[in-house]
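> Below: sequence and its predicted model.
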There are 2 protein chains.
Amino acid sequence: MSLDGQLPPKIRLLRAAAELLANSGGSAVSTRQITQLAGVTAPTLYHHFGDKEGLFDAVVAAGFDEYVAGERDFAPSGQPLEDIGRMWDNHVQFGLNQPELYLVMFGNIRPESRPAIVADAEALMEEMLNKAAVAGQLNVPPREAARSILAANVGVTLMLIAEKAPERNLELSAMTRDAMIFAVSTEQARSERPEDAGKSSVVVAAIALNAALQASHSDQLSSSELKLFLEWLHRISTSSTS
Amino acid sequence: MSLDGQLPPKIRLLRAAAELLANSGGSAVSTRQITQLAGVTAPTLYHHFGDKEGLFDAVVAAGFDEYVAGERDFAPSGQPLEDIGRMWDNHVQFGLNQPELYLVMFGNIRPESRPAIVADAEALMEEMLNKAAVAGQLNVPPREAARSILAANVGVTLMLIAEKAPERNLELSAMTRDAMIFAVSTEQARSERPEDAGKSSVVVAAIALNAALQASHSDQLSSSELKLFLEWLHRISTSSTS
DNA sequence: CAGTTCATATAGCGTTGCTATAGGTGATAG
DNA sequence: CTATCACCTATAGCAACGCTATATGAACTG
């Protein structure tokens, strides 16, 4: 019953925890099960990981590396918003392939205590959304878009995990995914042909904003602020670098 | 320490469980705490509710009645899709007002075992969406729309609960809500809700410039200038264009 | 009044997460 | 070669957990 004998106890504990978690079928996993499978006693676990949650965090960290690897594999498509869609699908697949691990990662919600992994996943998605924003394809700030999309992504994945496997309807995921991506994208991105996507730059964006600001009468800045703001915009717009 | 003495033990148990759940601050609630507060001993709990989960289910059932009452109170507006938006907001508020209860109701996900309450909530939303469908305002079947909207609604609520109270940004909820409702509605319904029109080009340009500036390392502005500049940009980016 | 059923209490089982303490191990210093 | 010391692991056990076998009282029912 014990795991391969000659690896360090720390690694044996990690593998035992991961294996039991993957096969627990939803019921809880006890430290005694883990230590027995790892072939060590209780204090060893607490020496290396502090407490049970520390061990699970470590398992989650390994799982997250795998998750990130999946998220980055097919990233470099030309279309950032298409990549967001792939990130969504990869997220759902990760959750359905390893539901127990996913639940430890994203399902263990407690009031006022955010799992660290949520922030990591948000950052990952925000990074990709930034590319879309640079290309002028986003009509909301990348951070807010990332939080919103990830929240829906997690909600859908949790719902699918809760369903019995044969009844799982991935159309739910596809529909919600498209709705969220559509909602954060600009008309230009929706019309699907951003021929000047690669050309977007600080300068182009600054010129566009300059023109847009002067055309509208935004009241978000005071007149003195606006004057300085436009001066800086001009400095950026007329710079030849980048 | 014991609850009002003359009510039946079953009701005292329910109230004790609800009260402890509401004030647990995220940590677990034990049967011993509950029975002590209710002024009864352990077997009484198991006689009436079978097990701990049975008791919690009963608390949830009461909580769900309250939830449904809230969902139905302002229902009869003329616009079904507006009512869906109110159901969404009510759902989020319910979760934020009673996070512990909400987590027992919607956060206790286990693989292949759907909480009964999810089906109830879906039915409630589907009922309302049916009205929209009858009015020709839905471009997907009500059941699928309800599942999709509820999944996003739960995801957003869980994310908000996980955040520390002062940092909770309800804009996340509003944005996701509008995205989901927009996605399931027909052109006709959209034209009746002109407030969701696209954002002005100022906002889009500001977002693009913000992202571009942070991606490149432009040296056209000093760091202190850049900081203020970005702050203004953020103000413009997040301004609502109602 | 006897019989039955419901409701509660006493006491305790097995398991949980965790730890106080001590023993063994290997590397380094004298 | 020995002494030391930091690191790692084991023995044994605690308090708290969910839950229950059993017994006792109360309240109906014939």
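That came in fine, so what should we check first?
> check contacts around A:Gly107.
A:158, A:161, B:107, B:109 (Cβ atoms under 8 Å, 6 or more residues apart in numbering or on different chains). Every residue, glycine included, has its C-beta placed from N, CA and C.
> who wins for neighbours among those?
Counting neighbours by other Cβ atoms under 10 Å in any protein chain shown, A:Ile161 leads the contacts of A:Gly107 with 26 neighbours.
> Distance check, that one against chain B.
5 Å (Cβ to the nearest Cβ, to the nearest Å).
> What ranges does chain A have for its helices?
A:9-23, A:31-38, A:42-49, A:52-73, A:80-97, A:99-102, A:116-134, A:142-162, A:170-184, A:187-190, A:202-215, A:223-237 (DSSP state H).
> closest to A:Asp178 among the contacts of A:Gly107?
Nearest to A:Asp178 among the contacts of A:Gly107, counting by Cβ to Cβ, is A:Leu158 at 19.1 Å.
> out of the contacts of A:Gly107, who's nearest DNA strand D?
Comparing the contacts of A:Gly107 against DNA strand D with Cβ to the nearest atom of the strand places B:Gly107 closest, at 16.9 Å.
> could you redo the helices of chain A as a markdown table and give each row mean pLDDT and distance to DNA strand D?
Below are the helices of chain A laid out as a markdown table (pLDDT from 0 to 100; distance: least, Cβ to the nearest atom of the strand, whole Å):
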| stretch | mean pLDDT | distance to DNA strand D |
| --- | --- | --- |
| helix A:9-23 | 92 | 3 |
| helix A:31-38 | 94 | 8 |
| helix A:42-49 | 93 | 4 |
| helix A:52-73 | 87 | 13 |
| helix A:80-97 | 93 | 27 |
| helix A:99-102 | 91 | 20 |
| helix A:116-134 | 91 | 24 |
| helix A:142-162 | 96 | 20 |
| helix A:170-184 | 95 | 32 |
| helix A:187-190 | 70 | 51 |
| helix A:202-215 | 57 | 49 |
| helix A:223-237 | 68 | 52 |
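> domains of chain A?
As recorded under automatic domain parsing, the domains making up chain A are A:1-50, A:61-190, A:202-237.
> Comparing the helices of chain A, which stretch has the densest surroundings?
Stretch with highest mean neighbour count among these: helix A:142-162 (a mean of 25; mean count of other Cβ atoms under 10 Å in any protein chain shown).
> C-alpha coordinates for that one, CSV please?
In CSV, the C-alpha atoms belonging to helix A:142-162 read as follows (Å, rounded to 0.1, in the frame of the first residue of the first chain):
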residue,chain,number,x,y,z
PRO,A,142,-8.5,44.4,-18.7
ARG,A,143,-8.6,43.9,-15.0
GLU,A,144,-12.3,44.3,-14.7
ALA,A,145,-12.8,42.1,-17.8
ALA,A,146,-10.6,39.4,-16.4
ARG,A,147,-12.4,39.4,-13.0
SER,A,148,-15.8,39.2,-14.7
ILE,A,149,-14.8,36.5,-17.2
LEU,A,150,-13.1,34.4,-14.6
ALA,A,151,-16.0,34.6,-12.2
ALA,A,152,-18.3,33.3,-14.9
ASN,A,153,-15.8,30.7,-15.9
VAL,A,154,-15.5,29.4,-12.4
GLY,A,155,-19.3,29.4,-11.9
VAL,A,156,-19.9,27.4,-15.1
THR,A,157,-17.1,24.9,-14.2
LEU,A,158,-18.5,24.4,-10.7
MET,A,159,-22.0,23.8,-12.1
LEU,A,160,-20.7,21.3,-14.6
ILE,A,161,-18.7,19.4,-12.0
ALA,A,162,-21.8,19.2,-9.8
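> packing partners for it?
helix A:80-97, helix A:99-102, helix A:116-134, helix A:170-184, helix B:142-162, helix B:170-184 (3 or more Cβ pairs under 8 Å, 6 or more residues apart in numbering or on different chains; DSSP states H and E).
> Format these as CSV; extra columns: distance to B:Val60.
Formatted as CSV, those follow (distance: least, Cβ to Cβ, whole Å):
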stretch, distance to B:Val60
helix A:80-97, 24
helix A:99-102, 23
helix A:116-134, 25
helix A:170-184, 24
helix B:142-162, 15
helix B:170-184, 22
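> ok so, going back, please identify which of the domains of chain A is closest to DNA strand C.
Of all these, domain A:1-50 comes closest under Cβ to the nearest atom of the strand, at 3.3 Å.
> how about that closest one, does it get close to chain B?
Yes - using Cβ under 8 Å from any Cβ of the partner chain, we find that domain A:1-50 touches chain B at A:25-26.
> what's the residue nearest in space to the middle of chain A in contact with, if anything?
Central residue of chain A (Cα atoms, centre = their mean): A:Ala121, 2.8 Å from the mean position. By Cβ under 8 Å, 6+ apart, the contact set of A:Ala121 is A:67, A:91, A:106, A:150.
> ok, which residues in chain A are in contact with DNA strand C?
Near DNA strand C, the residues belonging to chain A are A:28-33, A:42-43, A:46, A:51-53 when assessed by Cβ under 7 Å from any atom of the strand.
> Out of the domains of chain A, which gets nearest to B:Thr176?
B:Thr176 lies closest, by Cβ to Cβ, to one member of those: domain A:61-190, at 4.7 Å.
> how long is the closest one end to end?
End-to-end span of domain A:61-190 (Cα to Cα, to the nearest Å): 36 Å.
> tell me how far it is from the chain's mean position?
What separates the centre of domain A:61-190 from the centre of its chain is 5 Å, taken as Cα atoms, centre = their mean, to the nearest Å.
> Let me have the helices of chain A in TSV, adding distance to B:Pro80 as columns.
Shown next, in TSV, are the helices of chain A (distance: least, Cβ to Cβ, whole Å):
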stretch	distance to B:Pro80
helix A:9-23	43
helix A:31-38	51
helix A:42-49	52
helix A:52-73	38
helix A:80-97	28
helix A:99-102	34
helix A:116-134	32
helix A:142-162	22
helix A:170-184	18
helix A:187-190	26
helix A:202-215	36
helix A:223-237	43
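> and of those helices, who's closest to B:Arg168?
Ranking these by proximity to B:Arg168 (Cβ to Cβ) places helix A:142-162 first, at 11.4 Å.
> and the angle for the closest one with helix A:116-134?
130 degrees (axes from the mean of the first three to the mean of the last three Cα atoms, to 10 degrees).
> Okay, angle between helix A:142-162 and helix B:99-106 too, please.
Using the same axes, to 10 degrees: helix A:142-162 against helix B:99-106 is 50 degrees.
> Report the angle between helix A:142-162 and helix B:170-184.
70 degrees.
> how many degrees apart are helix A:142-162 and helix A:80-97 in direction?
Using the same axes, to 10 degrees: helix A:142-162 against helix A:80-97 is 30 degrees.
> right, and A:Ala146 touches A:Met125 too?
Yes - with contact defined as Cβ atoms under 8 Å, A:Ala146 counts as touching A:Met125 (4.2 Å).
> about what we covered before: B:Ala135 is nearest to which of the helices of chain A?
Once the helices of chain A are compared by Cβ to Cβ, helix A:170-184 is nearest, at 20.0 Å.
> Tell me the helices and strands packed up against that closest one.
With contacts taken as 3+ Cβ pairs under 8 Å, 6+ apart, helix A:170-184 sits against helix A:80-97, helix A:142-162, helix B:142-162, helix B:170-184.
> wait, does the first one contact chain B?
When you say that, I think you mean helix A:80-97. No - Helix A:80-97 stays clear of chain B (Cβ under 8 Å from any Cβ), getting no nearer than 9.5 Å.
> List the single closest residue to A:Leu101 in space, sequence neighbours excluded.
Nearest residue to A:Leu101 in three dimensions, chain neighbours excluded: A:Gly63, at 4.9 Å (Cβ to Cβ, 6 or more residues apart in numbering or on different chains).
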